[in-house]
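**Q** Curious how this folds, go ahead:
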Amino acid sequence: MASVVVTLRIMPVSPEVDLPAIEKDAKQRISTFTGKHEFRTETRPIAFGLKALDITFVTPEEKGSTEPLEKEIAKIRGVNSVEVTDVRRAIG
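**A** This next block holds a predicted model:
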C-alpha cells in the first residue's frame, strides 16, 4: 500500500499556552501512531496573538483514519481542537 501525507492543525486554548510543549507531546503521539519520526512543523498566526500549530507527517495508508490520533492529541493540556487540514497520497 501507499503512504499518505497528513497535515493536522492544532489550536491552543489561548495565546498564553506553551506551544513548544504541545508540539513536543503531539510529535511523540504521532510517532507512536505512525512508527515514523519525520515531521514538518509550522506555526501560523490566527488572530489577536493566537497561533495554530500545523504538523505534517507521513503515515501508512493501511492505518486508515487518523481519528484515534486526533482524539489522542486533543487530550494534551492546552489543546482546544485538532483537525485534519490536508490529506494526500504520497508518490514514489
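**Q** Pull up the per-residue confidence for the closest residue to Arg44 other than its chain neighbours.
**A** Closest residue to Arg44 apart from its sequence neighbours, by CB to CB, 6 or more residues apart in numbering: Ala52 at 4.9 Å. The way it works is simple: take the backbone N, C-alpha and C, and place the C-beta from them, glycine included. You'll see Ala52 listed with a pLDDT of 97.
**Q** From Glu67, how far out is Ala52?
**A** Distance of Ala52 to Glu67, given as CB to CB, to the nearest Å: 19 Å.
**Q** neighbour count winner among those two?
**A** When neighbours are counted by other CB atoms under 10 Å, Ala52 and Glu67 differ, and Ala52 comes out ahead with 18 against 10.
**Q** Spit out the contact partners of the more buried one.
**A** 9-12, 43-44, 46 (CB atoms under 8 Å, 6 or more residues apart in numbering).
**Q** Of those residues, which qualify as buried by neighbour count?
**A** Among the contacts of Ala52, those scoring as buried are 9-12 (criterion: 16 or more other CB atoms under 10 Å).
**Q** So which of these is the closest to Lys71?
**A** In terms of CB to CB, no member of the buried ones among the contacts of Ala52 lies closer to Lys71 than Ile10, at 12.7 Å.
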